[in-house]
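Enquirer: this is a predicted model, with the sequence first.
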Amino acid sequence: MKLLWDKIDQLNIKSDQKYKRFLCVLTVINGVFGAIAWILIGRLFLPKLEWLMCFIGYPAIFIGLLGGVIYLFNHEF
């Protein structure tokens, strides 16, 4: 997360836009990791598309969005 924040912090945009962009990118990245995990593991054991949505949604929301919010709360910028 620090690497991503450092890259976004270097952009020449307002600070509120930096926070929004950080959370959006982090959520998408974790959703993609969830989709990759489903493709590699889940589709063999849990082949329905509902499981794909779970594999994408849970990491995106809990690790990406909530983890990003906690990261931003705990660091001073």
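Expert: Great, that's in hand.

Enquirer: need the longest helix for this protein.
Expert: Ranked by residue count, the top helix of the chain under DSSP state H comes out as helix 15-37.

Enquirer: chain center to it, what's the gap?
Expert: 4 Å (CA atoms, centre = their mean, to the nearest Å).

Enquirer: check which element follows it along the chain.
Expert: Counting by DSSP states H and E, the next helix or strand C-terminal to helix 15-37 is helix 43-45.

Enquirer: pLDDT below threshold where in this structure?
Expert: The chain contains residues with pLDDT under 70 at 77.

Enquirer: just want the most central residue of this structure.
Expert: Thr27 (2.4 Å; CA atoms, centre = their mean).

Enquirer: residues contacting the longest helix of the chain, please?
Expert: With CB atoms under 8 Å, 6 or more residues apart in numbering as the test, helix 15-37 has contacts from 1, 4-5, 8-9, 11, 13, 52, 55-61, 63-65, 67-69, 72, 77. Any C-beta I mention is one placed from the backbone N, CA and C, and that applies to glycine too.

Enquirer: so which of these are in helices?
Expert: 4-5, 8-9, 52, 55-58, 67-69, 72.
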